[in-house]
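>>> Following is a predicted model, sequence given first.
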Amino acid sequence: MLNYKNLSAQDPEVMAAVKKEMVRQAEEMELIASENYTSKAVLEAMGTVLTNKYSEGYPGHRYYGGNQYIDEAETIAIERAKKLFSAEHVNVQPLSGSPANAAVYFAFIKPGDKVLGLRLDHGGHLSHGHPINFSGMLYNFTQYEVDSETGKIDMEKVRETALREKPKMIVAGYSAYAREIEWQKFKDIADEIGAFTFADIAHTAGLIAAGEMNNPVPFFDVVSTTTHKTLRGPRGAIIMCKEKFAKQVDRAVFPGMQGGPHDHINAAKAVAFGEALRPEFKEYAKQVIANAKLMAEEFIKLGYRVISNGTDNHLMVVDMTAKGLSGKEAEVILERCGISVSRSTIPNDPNPPMNPSGVRFGTPAVTTRGMKQAEIKKIVGWVNAAIEQKDESEMLENIKTQVKEMCLEFPIPSI
Ligand code: DSN
């Protein structure tokens with residue numbers, strides 16, 4: 001276990017909460033599709049003295065003195081991200097996904113401009129135009145949907161909507177969509193109407209970096225991603241764009257959106273990108289997808305409706321309706337068994353977002369622990385047993401014990 005001796009001695013109250021979370025992570029199963037475990041090296045970089053620095057600006061052009069080593073660390077992060085995604089230009093300073101997306105809109109369009117994005121309840125993200133989010137408040141979003149039969153995006157319908165609405169920007173890349181995205185088709189549609197192309201690859205960035213999914217970076221105008229999901233880095237984000245948009249993107253991040261970058265986090269991003277450039281990361285990404293495909297197949301065998309009938313990536317949305325409970329109820333029951341998941345809307349969900357019909361499952365975290373097909377089969381068996389026998393307290397306790405035993409067999413790397 002990492003040694004937090006100063007924190008323990010000085011602030012036992014905070015340390016107690018941290019310790020309990022460490023035990024929870026060590027003993028429980030993480031199936032939330034957007035979560036992962038960093039390496040010890042990434043964790044250590046986040047705890048360095050780089051947090052003490054102010055460095056508004058960019059390498060070589062800062063508004064504070066003493067930034068020579070911050071420049072060094074930020075440049076490593078930039079160069080590694082460029083290599084990882086074949087990007088012309090990278091800004092590694094965005095603090096997280098939504099601020100990164102805000103900076104993208106700020107760089108390319110004006111308030112009131114028309115934008116096309118996927119509906120949140122069809123797998124999109126709040127920052128892709130939901131009315132309660134800044135994106136939906138500031139910009140004039142038209143939302144596209146997944147096909148109600150296939151659960152997949154119908155590119156002909158996207159094209160029809162785009163030609164009719166003529167948005168200034170088209171957003172692709174999602175939070176709860178299990179299929180490969182036809183980036184080239186999006187680009188072709190955008191070119192027909194002279195729109196910018198913006199990909200938010202927060203969920204699949206690690207799979208794309210590993211070459212296991214198609215990469216929009218070489219031909220989209222701008223691409224954002226968080227760094228803490230499949231990419232397995234610290235919490236944060238980056239923006240990648242064509243060189244011709246570099247200035248406007250950098251200006252939108254700073255001074256447009258943010259002040260001082262979080263230099264300790266940017267150093268940790270550099271470490272994570274270094275890890276993702278290694279051959280082992282490709283093996284990791286392959287296994288994430290293999291585990292997810294098997295998980296979806298197992299759910300289908302057990303009579304669940306998996307939206308789009310399978311997955312090409314690390315996640316799936318599973319409809320709980322046939323089992324007689326809501327996604328929220330399933331989330332609560334699984335939590336009692338030491339299994340974390342996130343409730344999710346299903347396309348055209350008759351239920352509200354706080355109590356939707358589905359659950360989103362993902363394999364990035366369990367795969368980081370080293371779990372493979374044999375474990376995935378057992379996990380789906382436990383999930384199903386918990387859901388089907390939700391009133392059997394003894395059974396739920398028994399599953400919790402088995403979950404803990406398996407988790408202790410596959411320790412997480414950062415503890
Ligand atoms: N909260 C993230 C997720 O769970 O997908 C998206 O921002």
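Alright, I've got the coordinates. Residues are numbered from 1 along each chain as shown.
>>> Poorly predicted segments of the stretch 151-300 of the chain, please.
Along the stretch 151-300 of the chain, the model assigns pLDDT under 70 to no residue.
>>> secondary structure element for the closest residue to the ligand within it?
For the stretch 151-300 of the chain, the nearest residue to the ligand under the criterion CB to the nearest ligand atom is Ser175, separated by 3.9 Å. To be clear about C-beta, it is placed using only N, CA and C from the backbone, and glycine gets the same treatment. Following DSSP states H and E, one finds Ser175 outside all helices and strands.
>>> list the contacts for it?
In this structure, Ser175 makes contact with Ser34, Gly123, Gly124, His125, Ala202, His203, judged by CB atoms under 8 Å, 6 or more residues apart in numbering.
>>> which one of the residues you listed sits closest to Gln258?
Distance to Gln258, by CB to CB, is smallest for Ala202 among the contacts of Ser175, at 17.8 Å.
>>> neighbours of the closest one, just the number please.
As a burial measure, Ala202 scores 26 neighbours (other CB atoms under 10 Å).
>>> repeat for Glu275
Close neighbours of Glu275, defined as other CB under 10 Å, add up to 19.
>>> So Arg232 is in contact with Glu35, correct?
No: applying CB atoms under 8 Å as the test, Arg232 and Glu35 come out as separate, 10.3 Å apart.
>>> Looking at those two, which is more packed in?
Applying other CB under 10 Å to Arg232 and Glu35 shows that Arg232 carries more neighbours, namely 25 against 16.
>>> so what's that one closest to, chain neighbours aside?
Ranked by CB to CB, 6 or more residues apart in numbering and with sequence neighbours excluded, the top spatial neighbour of Arg232 is Asn36, at 4.9 Å.
>>> go on, Gly47?
Leaving aside its chain neighbours, Gly47 sits nearest to His264 (7.2 Å; criterion: CB to CB, 6+ apart).
>>> what about the one you found, which helix or strand?
Assigned by DSSP H and E, His264 falls within helix 263-276.
>>> just checking, what packs against that helix?
In this structure, helix 263-276 makes packing contacts with helix 40-46, helix 68-85, judged by 3 or more CB pairs under 8 Å, 6 or more residues apart in numbering; DSSP states H and E.
>>> And the shortest one, how far out from the chain middle?
Going back to what we said before, that points to helix 40-46. Averaged C-alpha coordinates place helix 40-46 at 19 Å from its chain's average position (CA atoms, centre = their mean, to the nearest Å).
>>> Just the buried residues of that helix, please?
Buried residues in helix 40-46, counting neighbours by 16 or more other CB atoms under 10 Å, are found at Val42, Leu43, Ala45, Met46.
>>> next one: the last one
Along helix 68-85, these residues count as buried under the neighbour rule (16+ other CB under 10 Å): Ile70, Asp71, Ala73, Glu74, Ile76, Ala77, Ile78, Arg80, Ala81, Lys82, Leu84, Phe85.
>>> Need phi/psi at whichever residue of the stretch 251-400 of the chain sits closest to the ligand.
The nearest approach of the stretch 251-400 of the chain to the ligand comes at Ser342, 6.1 Å away (CB to the nearest ligand atom). Backbone torsions for Ser342, taken as degrees, to the nearest 10, come to phi -120, psi 130.
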